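Give me a 3D structure for the following:
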Amino acid sequence: MYVQFVQFILNTLDRRNIPLCQSISVQEPPVIEAAASEFIERMGIVLSDDGMPRIAGRIFGLLLVSPDEVSLDEIAWSLGVSKASVSSDTRRLEQRGLLERVSRPGDRRDYFRMRPDLLSNLMEYRLRRWNRVRDAVAEGRRALQGESPVVDERLADLADGLEHSIVNLAGALERWRASRTTADPAPMERA
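Prediction:
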């Protein structure tokens, strides 16, 4: 029955001179120079060491060395990975404030580029994570206080270290932002 149905469709298309497929123009992927390719792969490893998928790190690296925004298709093609992986990992990077989604008039595709305020976003993301860990450690200290001197000391040291790191990173972020307001903003502007 199925074969008869397919044969009917094929005969109908043939009688009406409807081609089974259209010719498809295929763009060549952008050429990535050896140094850029090595950098992209290195960023994949660095970010995977920080708990991110390696593809997310490679996307991050690719966008760092791309002067213009890049579509999902171009990212997938350039890195030799599936569009589905690129879609989920760009969403992950976007949620962390590392890149932004942009569009072009008359084009339905999504494009991505690095955030102009990348370092600030990286620092803010790290601060949010450390604050969550600090809050969890504080709750643990209250709940477990006095049950074990070893645990009390360990949690106290961790809480002190986190507080010290948070204060210092927040200060570094403030100093960075202050230095950027006095710097020439022209290199960070986008057309």
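
What residues sit buried inside the strand or helix carrying Ile59?
Using DSSP states H and E, Ile59 falls within helix 54-64. By 16 or more other C-beta atoms under 10 Å, the buried positions in helix 54-64 come out as Arg54, Ile55, Ala56, Gly57, Arg58, Ile59, Phe60, Gly61, Leu62, Leu63. Heads up, the C-betas are built off the backbone N, CA and C, glycines and all.

Check which element follows that helix along the chain.
Using DSSP H and E, the helix or strand that follows helix 54-64 in sequence is strand 70-71.

The helix or strand that that following strand is followed by: how far from the chain's middle?
Next helix or strand after strand 70-71 toward the C-terminus (DSSP H and E): helix 72-79. Distance of helix 72-79 from its chain centroid, counting by C-alpha atoms, centre = their mean, to the nearest Å, is 14 Å.

Counting by contacts, list what the following helix or strand past helix 72-79 packs against.
Scanning forward in sequence from helix 72-79 by DSSP H and E, the next helix or strand is helix 83-95. Judged by 3 or more C-beta pairs under 8 Å, 6 or more residues apart in numbering; DSSP states H and E, helix 83-95 is in contact with helix 54-64, helix 72-79, strand 99-104, strand 107-114.

and the shortest one, how far from the chain's centre?
In this case it means strand 99-104. For strand 99-104, the separation from the chain centroid amounts to 12 Å (computed by C-alpha atoms, centre = their mean).

What is the burial count for Arg174?
Just so we're on the same page, residue 174 is Glu rather than Arg. Using other C-beta atoms under 10 Å, Glu174 has 11 neighbouring residues.
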